[in-house]
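Colleague: Give me a 3D structure for the following:
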Amino acid sequence: FTLLHLIATGVSCFLGAGLLSFLVYVYCQRFHKPSQESAVIHPTTPNHLNYKGNTTPKNEKYTPMEFK
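Modeller: This is a model prediction of the structure:
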């Protein structure tokens, strides 16, 4: 074997692994879509990290023991 054989083998294995990973990804996306039932069981909730108005988040009211 020469260096050319080693490089060709490495490149072909890399491309083959990438193609196989892509095919598995497409397979999982096609057959594992969330059903409508899961959307009903887990409805979309508003993002609780975005606070509107003058309400102070609970974590800002917390004062650690070191500062008391």
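Colleague: where in this protein is pLDDT low?
Modeller: In the predicted model of the chain, residues 33-64, 67-68 satisfy pLDDT under 70.
Colleague: Quick one: the helices in it, in order.
Modeller: Secondary structure of the chain (DSSP state H): helices at 3-31, 36-41, 58-61.
Colleague: Can you add mean neighbour count and give these back as TSV?
Modeller: For every residue, glycine as well, the C-beta is placed using N, CA and C. Supplementary listing: those in TSV, determined by neighbours: other C-beta atoms under 10 Å:
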stretch	mean neighbour count
helix 3-31	10
helix 36-41	8
helix 58-61	7
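Colleague: mind saving the C-alpha coords of stretch 7-22 as CSV?
Modeller: Written as CSV, here are the backbone C-alpha positions of stretch 7-22 (Å, rounded to 0.1, in the frame of the first residue of the first chain):
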residue,chain,number,x,y,z
ILE,A,7,-5.7,8.7,1.7
ALA,A,8,-8.2,7.2,-0.7
THR,A,9,-9.4,4.7,1.9
GLY,A,10,-9.7,7.4,4.5
VAL,A,11,-11.7,9.7,2.2
SER,A,12,-14.0,7.0,1.1
CYS,A,13,-14.7,5.8,4.6
PHE,A,14,-15.4,9.4,5.7
LEU,A,15,-17.8,9.9,2.8
GLY,A,16,-19.5,6.6,3.4
ALA,A,17,-20.0,7.3,7.1
GLY,A,18,-21.4,10.7,6.2
LEU,A,19,-23.8,9.3,3.7
LEU,A,20,-24.9,6.6,6.2
SER,A,21,-25.5,9.1,8.9
PHE,A,22,-27.5,11.3,6.5
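Colleague: Which residues outside it are in contact with it?
Modeller: Outside of stretch 7-22, no residue comes within contact range by C-beta atoms under 8 Å, 6 or more residues apart in numbering.
Colleague: let's see 10 Å
Modeller: Phe1, Thr2 (C-beta atoms under 10 Å, 6 or more residues apart in numbering).
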